[in-house]
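[1] missing the sequence, but the structure's below:
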């Protein structure tokens, strides 16, 4: 599938064109502009939806096989190296890559919120997806390398996808 126009992308996302137009205006959804009109790639829309995924409430995941809720961070984590990677993620592609940039910001906030003791289920799952992307692309390859290093620093291993 090639580039989609606004109405086609809205249909693909099963939302109204008005909702998608608002997301475009807020620069909340990845798109390009051609002749003054937004254009979308289906792959990027899929990634956008995955980035909006809501993790189940903690009580819903306790005891599940492969549960990654509240994954403990190594007590000897090298915060300096982690901070370098977080900064790289936040600034990737000059800040024009919403999935990568927001991931770095959310990781920073989550680690700070627990005083670097643990990483919540949602972000652990996102990190695992970046460590093992399903679709090869130059961006995914670049981020994968950094995600694997980040996983090693935080947990002492490259975490697996929980799917």
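    Received the coordinates, thanks. Keep in mind that this is a model prediction, so the values were computed, not measured.

[2] Just the buried positions in the helix or strand hosting residue 18, please.
    Here residue 18, judged by DSSP states H and E, is contained in helix 17-25. Across helix 17-25, burial judged by 16 or more other Cβ atoms under 10 Å covers 20, 23-24. Heads up, the C-betas are built off the backbone N, CA and C, glycines and all.

[3] List the contacts of residue 10.
    16-17, 19-20 (Cβ atoms under 8 Å, 6 or more residues apart in numbering).

[4] Can you verify it is assigned to a helix?
    Yes: under DSSP: H, G, I helix; E, B strand; the rest coil, residue 10 sits within a helix.

[5] of the buried residues of helix 17-25, closest to residue 48?
    Checking the buried residues of helix 17-25 against residue 48 by Cβ to Cβ gives residue 23 as the nearest, at 8.6 Å.

[6] okay, the buried residues of helix 17-25 in CSV with distance to residue 10 and pLDDT next?
    Below are the buried residues of helix 17-25 laid out as CSV (distance: Cβ to Cβ, whole Å; pLDDT from 0 to 100):
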residue, distance to residue 10, pLDDT
20, 4, 90
23, 10, 88
24, 10, 91
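
[7] ok so, going back, quick one: distance of the helix holding residue 18 to the chain centre.
    In terms of Cα atoms, centre = their mean, to the nearest Å, the centre of helix 17-25 is found 21 Å from the chain centre.

[8] do stretch 71-82 as well
    The answer for stretch 71-82 is 20 Å, by Cα atoms, centre = their mean.

[9] what does stretch 95-105 give?
    Mean C-alpha position of stretch 95-105 versus that of the full chain (Cα atoms, centre = their mean) differs by 8 Å.

[10] for the helix holding residue 18, packing partners?
    helix 6-13 (3 or more Cβ pairs under 8 Å, 6 or more residues apart in numbering; DSSP states H and E).

[11] before we move on, the earlier item: downstream of the helix holding residue 18, the next helix or strand is which one?
    Counting by DSSP H and E, what follows helix 17-25 is strand 32-34.

[12] Direction included, what does that following strand pair up with?
    Strand 32-34 has these partner strands in its sheet, going by DSSP bridges: strand 37-41 (antiparallel).

[13] who touches the partner strand?
    The contact list for strand 37-41 (Cβ under 8 Å, 6+ apart) reads 2-6, 8-9, 12, 24, 29-33.
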